[in-house]
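Enquirer: Pasting the sequence and the predicted coordinates here, then a few questions.
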Amino acid sequence: MTRERVVSPLEQKNDVEVPGASTPSARPQSLEHYLGQTELKERLGIALQAAKVRSGPMEHTLLYGPPGLGKTTLAHVIANELGSKAWVTSGPALTKGSDLVGTLTRMDAHDVLFIDEIHRLPAAVEEYIYPAMEDYKIDFTLDSGMHARVVSYALQPFTLIGATTRAGLLTGALRSRFGLVHNIRYYNCDELTDILEQAISFLSYNTVSRDALNRIASRSRGTPRIALRLLRRVQDFALVKEDGKCTLEVVDNALALEGIDEAGLDQLDRMYLQTLATVYEGGPVGVEAIAATMGEDSGTLEDVVEPYLLQIGLLARTRQGRKLTQEGKKIAAEH
Ligand SMILES: Nc1ncnc2c1ncn2[C@@H]1O[C@H](COP(=O)(O)OP(=O)(O)O)[C@@H](O)[C@H]1O
Ligand SMILES: [Mg+2]
């Protein structure tokens, strides 16, 4: 079977971002500019080097962790480091196995296929991916009914990078097919300050003192995406209200306007703590109950709110449910 016959209109139906699409310039393009995550970078550095020495594809890699910590960015960085292209799609965009045929057959050797929210991949697509991951081949059905036949098609060796906020929802079968599995962690204040400094140079924003950046970083829930957003808000605020001067006081005023408190908690965090403190007397209580009371989606609480509150020790997870720690109770009472 020739390649041409396989690259069919099917690929127009699926939602795969073709390589070369514009990426925001604050995004680091190389491992050198991907700051923090030292341990992960070391593991990746080895995997990248090994791939080069073997002249093969890099190991399939699973990245998991809360939103905004740099999973998508890292997938592009890896493709750049490999000198290859990244093809981007997501679990919910793929509904059936054949949605991937067009992309998989068009990919060049050592390209990267990035599947975001891979925990939402339908079972049918997942099964389709196993032989692609293991043997670089796909089986698909041509025609239907009596004339149906299964054709096996050899792919170029590629690297699958999966990203998820919920590693726990992945099937064991899928998870075990990744050679590298890594948890992307929250960044410390210094690392976030470095990221902000670098973004300022990438975007040629007005310079801001390290102290002021550090203040923004300390209120960003350990998350680059939040830090970068707050930096933009602070810059706007300084521009409009203070002739562009970014003093610590200006930073504080701008962040207060954004509803960010001194611990870096936002409105949703505070509402969660208060609900748990006042309605459920500090817990333990199930996340579904908290979500129902708040009128929020429990998935958002689990993906976005809880990991950070757990990390900074305001919340504990017990077998009976979520529970405020002493510190958590104190913070909840302050608001
Ligand atoms: N390690 C890092 N170094 C520099 N910038 C980063 C880093 N991680 C994330 N960023 C920045 O934070 C933003 C959010 O990252 P992203 O990759 O979209 O997160 P995720 O895919 O995990 O939700 C990106 O625009 C990127 O510029
Ligand atoms: Mg992402």
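Expert: Received, thanks. Ligands and ions are numbered 1, 2, ... in the order given.
Enquirer: near ligand 1, which residues of the stretch 201-335 of the chain show up?
Expert: Along the stretch 201-335 of the chain, the residues adjacent to ligand 1 under the rule CB under 6 Å from any ligand atom are 224-225, 228. For the C-beta atoms, the positions are set from N, CA and C on the backbone; glycine is no exception.
Enquirer: between the residues you listed, which is nearest Y153?
Expert: Checking those against Y153 with CB to CB, the nearest one is R225 at 38.2 Å.
Enquirer: does that closest one belong to a helix or a strand, and which?
Expert: Element membership for R225 (DSSP states H and E) is helix 224-241.
Enquirer: mean confidence for that helix?
Expert: Averaging the model's pLDDT scores along helix 224-241 yields 94.
Enquirer: packing partners for that helix?
Expert: Applying 3 or more CB pairs under 8 Å, 6 or more residues apart in numbering; DSSP states H and E, we find helix 224-241 packed against helix 189-203, helix 210-218, helix 248-257.
Enquirer: 10 Å instead?
Expert: Helix 224-241 sits against helix 71-82, helix 189-203, helix 210-218, helix 248-257, with contacts defined as 3 or more CB pairs under 10 Å, 6 or more residues apart in numbering; DSSP states H and E.
Enquirer: Quick one: those as JSON lines, columns for mean neighbour count too.
Expert: Listed next are the helices and strands packed on helix 224-241 as JSON lines, based on neighbours: other CB atoms under 10 Å:
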{"stretch": "helix 71-82", "mean neighbour count": "22"}
{"stretch": "helix 189-203", "mean neighbour count": "18"}
{"stretch": "helix 210-218", "mean neighbour count": "21"}
{"stretch": "helix 248-257", "mean neighbour count": "17"}
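Enquirer: and those helices as TSV, adding mean pLDDT?
Expert: Converted to TSV, the helices and strands packed on helix 224-241 look like this (pLDDT from 0 to 100):
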stretch	mean pLDDT
helix 71-82	96
helix 189-203	95
helix 210-218	96
helix 248-257	93
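Enquirer: Quick one: closest of the ones you listed to N183.
Expert: So among the helices and strands packed on helix 224-241, helix 71-82 is nearest, using CB to CB, at 10.6 Å.
Enquirer: can you state the direction angle for the closest one and helix 224-241?
Expert: Angle of helix 71-82 versus helix 224-241, following axes from the mean of the first three to the mean of the last three CA atoms, to 10 degrees, is 110 degrees.
Enquirer: now helix 71-82, how far from the chain's geometric center?
Expert: The chain centroid and the centroid of helix 71-82 are separated by 12 Å under CA atoms, centre = their mean, to the nearest Å.
Enquirer: export that helix as CSV, just CAs?
Expert: The C-alpha trace of helix 71-82 is given here as CSV (Å, rounded to 0.1, in the frame of the first residue of the first chain):
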residue,chain,number,x,y,z
LYS,A,71,3.5,20.8,29.6
THR,A,72,2.6,22.1,26.2
THR,A,73,5.6,24.3,26.1
LEU,A,74,7.9,21.4,26.9
ALA,A,75,6.4,19.3,24.1
HIS,A,76,7.4,22.0,21.6
VAL,A,77,10.8,22.4,23.2
ILE,A,78,11.4,18.6,22.8
ALA,A,79,10.4,18.8,19.1
ASN,A,80,12.8,21.7,18.6
GLU,A,81,15.6,19.9,20.4
LEU,A,82,15.1,16.9,18.2
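Enquirer: near ligand 1 at all, the following helix or strand past that helix?
Expert: Note on helix 71-82: by DSSP H and E, the next helix or strand toward the C-terminus is strand 86-90. No - for a cut-off given as CB under 6 Å from any ligand atom, strand 86-90 has no contacts with ligand 1; the smallest distance is 10.7 Å.
Enquirer: which strands and helices sit next to strand 86-90?
Expert: So strand 86-90, by 3+ CB pairs under 10 Å, 6+ apart, packs with helix 71-82, helix 101-106, strand 112-116, strand 159-164.
Enquirer: Need those in CSV (columns: distance to G295).
Expert: Converted to CSV, these look like this (distance: least, CB to CB, whole Å):
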stretch, distance to G295
helix 71-82, 28
helix 101-106, 39
strand 112-116, 27
strand 159-164, 26
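Enquirer: out of these, nearest to ligand 1?
Expert: Among the helices and strands packed on strand 86-90, helix 71-82 comes nearest to ligand 1, with 3.3 Å by CB to the nearest ligand atom.
Enquirer: which residues are contacting the helix or strand in which I331 is found?
Expert: Secondary structure assignment for I331, by DSSP H and E: helix 326-334. Applying CB atoms under 10 Å, 6 or more residues apart in numbering, the contact partners of helix 326-334 are 261-263, 265, 269-270, 272-278, 281-283, 309, 312-316, 322-325.
Enquirer: Need the buried ones from the residues you listed selected in PyMOL.
Expert: Buried members of these, defined by 16 or more other CB atoms under 10 Å, are picked up in PyMOL with:
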select buried, resi 261+265+269+270+272+273+275+276+277+282+283+309+312+314+315+322+323+324+325
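Enquirer: Just the ones of the contacts of helix 326-334 in strands?
Expert: If you go by DSSP state E, these have 315-316, 322-324 in strands.
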